[in-house]
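Participant: The amino acid sequence is not available; the structure is as follows:
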Ligand SMILES: Cc1cc2nc3c(=O)[nH]c(=O)nc-3n(C[C@H](O)[C@H](O)[C@H](O)COP(=O)(O)OP(=O)(O)OC[C@H]3O[C@@H](n4cnc5c(N)ncnc54)[C@H](O)[C@@H]3O)c2cc1C
C-alpha cells in the first residue's frame, strides 16, 4: 500500500504577511509547510511504522525544497517536487500536475491537509477525488485498518461520522490526527539521499482568479482593565 | 431570471443578519432568492408571511422572538424591524432533502437540474464545517468555482476571508454559476429570525429525487448531535472557554453559568481537543465565525486562528491570569484573574432564569 501526501508551502499566517497584487510576496525562506500537511505526513509515517503503508511519496509544488526535505526527514521515502512560484498555482494546476506524475492504482491512498492555511480554498482534495473517481473523506482525526477496510473517523459539526472505505480514497487531515515529529539529525542526513523527482507544473489550466489581496482591517482594540467586581456588575447589566 | 439558492437547514440561516447578506448578494447577482428549508423552520417563516393569526390546522404557533436568546436579554432594536427588511423569495420545503444533506455521505445534488433547468447562478450555505465538506465536494464534482468564506461587506466585489481572517481576497463576481459558503461577519442591529415579507411567497414542493443523487463514497456510520446548546450563530452573548479553565468539570461549570444567564457557549480548539465539549462549539479559522454583541473569553490565549472567529464581535471581554496574553490586545475589556473564580462568582451573582419552553 502506498500513501501519496501533498505538501504545500505557505506564507506563515502568524508572521508578517507581505501582499503584492494578487499574491503573497513573502520570500521562500519565510514560508512554512502548511500545518495540516505536516500532520498528513506524520499520520502516513505512523501508518508505515504500523506496517500498513509500504511507501510514502511526498508531492510538493512550490518555492521551497526545504519542506520536501523535512517530510523526507520525518520518514517519507521519496518525493515529487515541482519548483515554482506559489502565484502560478491554482488548485486545478496542482491536481493536473499531480495526475501527470503519479500513476493512480488501487493500492494508493491520498493524504492532504484539510485546509491550506493561506488561501483556505478547500479545492485540491475534492478535485483530486473527483478526477480519480474515488471518495473524498474530510477532516479525519483517527485512522483504523482491519483487513482491506479502512475506518476513518471524521470531525464534523453536525455529528460524528465514521467512514469505511477501501483504497483508493482521498482523505484530509484534522489537527488532532497526529502531532508532527521533529526529525532527528541522523534522519535529516539520511533524507538527503532519498530520491526527489523534479517535475514541471502543468500550466495548461487557467490562471488564478484572484484579483487582489488586501490586509483586513486591524482587529486590535484598546483594552480597559476591570476588576472582577466591575466585570460582574457589567455582565449583570447586560441582562436588564 | 437567475436564482440564488440559500440552503437554510439550521435556524441561524434564517436570521435577519443572513437575510441582509442574501439580499445584498441577490442584488449584485440580479438573482431571485430561493430558500431551501425544512418544515421545522418553514413554520416560522410562514408565521411572518401570514400575519399573527396562527392557523390551528397547520399547527402553527405564534412565533417567540426569543428563539435565539433568553427572554431576559433585552433587544436594543425593536424586534424584528419588518418594514425595512422586506424580501421576495421562494421557499422550497423538503424534509427528505434535509436528512440527506445532513448526512455526511451525500456528495451531490442533482446539479444538472438545478443549474441548467432552474438557471441557478449561485448555491450558498452558511460557512460551517458541514457545508464546507458537502459543498466543496459538490463543486468539485460539478467542476464549478467554489468560493468558501464569502463575505458580503465588500460587494459588489466578490470577497472572501483567507489567512485566518487576516487577508481579504477579491475576485470578480463569477460570470458562471458558483457554489460557496457565506461567512457571518456583518454584525447587524438585530438578530431575529427572517421576516420573510407579506409579499408573494411561493412554496414549491420538490420531489426528493429531483434534487439529489446520493454518491455513497463508502459505508458510513453516523451519529448526529442532538443539540441542547443554544445556537451560537445567532447568540447575542457568548461565554467561551479555553484550556485555561483546566478541566472538563470547570468547562461544565461555564456551560451552567452561561445557560443560567441565557448566553451561548463557545470553545477554543484546545478545549475541543481535550474533549471538554463538542466541536460544533469551536470558534475560529477551522470552526465558525460569530458576531455576538458580547463575547466573554475565559482562559483563552487569543491565537490568531481563534480570533478569526470573533473579530466581528461588538465587545470582547477577556479573563486571563496572564497579563501578557495576546487576547488582551484584541479585547475591549480585560480582567486579570482566575477564570474559574470569576465563573463561580458570576454564577453566584446571577439570578436563576427559569428554563425556557
Ligand atoms: C492551522 C490551525 C488552525 C487552527 N484553528 C483554530 C480554531 O479554529 N480555533 C481555535 O480556537 N484554535 C485554532 N487553532 C489553535 C490555536 O492556534 C491555539 O492553539 C488555540 O486557540 C489555543 O487555545 P486556548 O486559548 O484554549 O489554549 P492556550 O493557548 O493554551 O491558552 C490558555 C490560556 O489560558 C490562560 N490561563 C491558564 N490558566 C488560567 C486560569 N486559571 N484562569 C484564566 N486564564 C488562565 C493562559 O494564560 C493562556 O493564555 C488552530 C491552529 C492551527 C495551527
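Facilitator: Thanks, I have it. Note that the structure is a prediction, hence the values are computed from the model and not measured.

Participant: near the ligand, which residues of chain A show up?
Facilitator: Neighbours of the ligand within chain A, by Cβ under 6 Å from any ligand atom: A:35, A:117. Backbone N, C-alpha and C define where each C-beta goes, glycine included.

Participant: what's the longest helix in chain A?
Facilitator: helix A:35-49 (DSSP state H).

Participant: what about that one, near chain B?
Facilitator: No. Under the criterion of Cβ under 8 Å from any Cβ of the partner chain, helix A:35-49 makes no contact with chain B; the nearest approach is 8.9 Å.

Participant: That helix: what's the following helix or strand?
Facilitator: strand A:55-62 (DSSP states H and E).

Participant: who does that following strand touch, helix- and strand-wise?
Facilitator: Using 3 or more Cβ pairs under 8 Å, 6 or more residues apart in numbering or on different chains; DSSP states H and E, the elements in contact with strand A:55-62 are strand A:2-11, helix A:35-49, helix A:65-74, strand A:78-83, helix A:91-101.

Participant: Of these, which is nearest residue A:125?
Facilitator: strand A:2-11 (8.0 Å; Cβ to Cβ).

Participant: Pull the residues that contact the following helix or strand past that closest one.
Facilitator: The C-terminal neighbour of strand A:2-11 among helices and strands, as given by DSSP H and E, is strand A:19-20. Outside strand A:19-20, the residues that touch it by Cβ atoms under 8 Å, 6 or more residues apart in numbering or on different chains are A:25, A:213-215, B:167.

Participant: who are the neighbours in contact with residue 128?
Facilitator: Picked chain A for this. A:95, A:98-99, A:110, A:112, A:136, A:170 are the contacts of residue A:128 under Cβ under 8 Å, 6+ apart.

Participant: try chain B instead
Facilitator: The neighbourhood of residue B:128, defined by Cβ under 8 Å, 6+ apart, consists of A:157, B:181, B:288.

Participant: could the residues you listed be laid out in CSV, adding neighbour count, pLDDT and secondary structure?
Facilitator: Formatted as CSV, these follow (neighbours: other Cβ atoms under 10 Å in any protein chain shown; pLDDT from 0 to 100; DSSP: H, G, I helix; E, B strand; the rest coil):
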residue, neighbour count, pLDDT, secondary structure
A:157, 21, 82, coil
B:181, 24, 95, strand
B:288, 22, 88, strand
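
Participant: before we move on, back to that, ok, and which of the helices and strands packed on strand A:55-62 has the densest surroundings?
Facilitator: Most buried of the helices and strands packed on strand A:55-62 by mean neighbour count (mean count of other Cβ atoms under 10 Å in any protein chain shown) is strand A:2-11; its value is a mean of 25.

Participant: Now do that strand and helix A:65-74, the angle between them.
Facilitator: Here strand A:2-11 runs at an angle of 140 degrees relative to helix A:65-74 (axes from the mean of the first three to the mean of the last three Cα atoms, to 10 degrees).

Participant: what helices or strands is strand A:2-11 leaning on?
Facilitator: Packed next to strand A:2-11, using 3+ Cβ pairs under 8 Å, 6+ apart, are strand A:31-33, helix A:35-49, strand A:55-62, helix A:65-74, helix A:91-101, strand A:108-113.

Participant: Mind putting those into CSV with mean pLDDT?
Facilitator: Shown next, in CSV, are the helices and strands packed on strand A:2-11 (pLDDT from 0 to 100):
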stretch, mean pLDDT
strand A:31-33, 91
helix A:35-49, 97
strand A:55-62, 97
helix A:65-74, 96
helix A:91-101, 94
strand A:108-113, 97
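
Participant: Which one of these lies nearest to residue A:232?
Facilitator: Judging the helices and strands packed on strand A:2-11 by Cβ to Cβ, what sits closest to residue A:232 is helix A:35-49, at 38.4 Å.

Participant: Residue of chain A closest to chain B, please.
Facilitator: Using Cβ to the nearest Cβ, residue A:135 is the residue of chain A that sits closest to chain B, at 2.8 Å.

Participant: my read: that residue touches residue A:170, true?
Facilitator: Yes. Assessed by Cβ atoms under 8 Å, residue A:135 is found in contact with residue A:170 at 7.1 Å.

Participant: Looking at these two, which one has more neighbours?
Facilitator: Under the criterion of other Cβ atoms under 10 Å in any protein chain shown, the comparison of residue A:135 against residue A:170 puts residue A:170 first, with 28 against 22.

Participant: Confirm that that one sits in a strand.
Facilitator: Yes. According to DSSP: H, G, I helix; E, B strand; the rest coil, the state of residue A:170 is that of a strand.

Participant: tell me the contacts of it?
Facilitator: A:109-110, A:112, A:125-126, A:128-129, A:132, A:134-137.

Participant: Tell me the most packed of those, by neighbour count.
Facilitator: residue A:137 (30 neighbours).

Participant: What strands flank the helix or strand where that one lies, and is each parallel or antiparallel?
Facilitator: In the assignment (DSSP H and E), residue A:137 maps to strand A:136-146. Here strand A:136-146 is paired, per DSSP bridges, with strand A:149-154 (antiparallel), strand A:169-173 (parallel).

Participant: got the angle between it and strand A:108-113?
Facilitator: Using the same axes, to 10 degrees: strand A:136-146 against strand A:108-113 is 120 degrees.

Participant: tell me the average confidence for strand A:136-146?
Facilitator: Regarding strand A:136-146, the rounded mean pLDDT is 93.

Participant: Same check on stretch B:224-240?
Facilitator: 78.

Participant: does the ligand sit close to that stretch?
Facilitator: No. Legend: contact between stretch B:224-240 and the ligand by Cβ under 6 Å from any ligand atom is lacking; minimum distance shown is 8.8 Å.

Participant: mind listing what's buried in that stretch?
Facilitator: For stretch B:224-240, a neighbour-count test (16 or more other Cβ atoms under 10 Å in any protein chain shown) marks B:229-240 as buried.

Participant: With distance to residue A:225 added, can I get the helices and strands packed on strand A:55-62 in a markdown table?
Facilitator: Shown next, in a markdown table, are the helices and strands packed on strand A:55-62 (distance: least, Cβ to Cβ, whole Å):
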| stretch | distance to residue A:225 |
| --- | --- |
| strand A:2-11 | 35 |
| helix A:35-49 | 34 |
| helix A:65-74 | 43 |
| strand A:78-83 | 51 |
| helix A:91-101 | 46 |
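
Participant: and residue B:280, which of those is closest to it?
Facilitator: helix A:35-49 (19.8 Å).

Participant: other SSEs contacting the closest one?
Facilitator: Using 3+ Cβ pairs under 8 Å, 6+ apart: helix A:35-49 touches strand A:2-11, strand A:55-62, helix A:65-74, strand A:108-113, strand A:136-146, strand A:169-173.

Participant: Select, out of the ones you listed, the one closest to residue B:151.
Facilitator: Each of the helices and strands packed on helix A:35-49 has some distance to residue B:151 by Cβ to Cβ; the shortest is strand A:2-11, at 20.7 Å.

Participant: what pairs with that closest one, and is each one parallel or antiparallel?
Facilitator: For strand A:2-11, pairing defined by DSSP bridges yields strand A:31-33 (antiparallel), strand A:55-62 (parallel), strand A:108-113 (parallel).

Participant: and residue A:174, what does it touch?
Facilitator: A:39, A:114, A:139-141, A:154-155.
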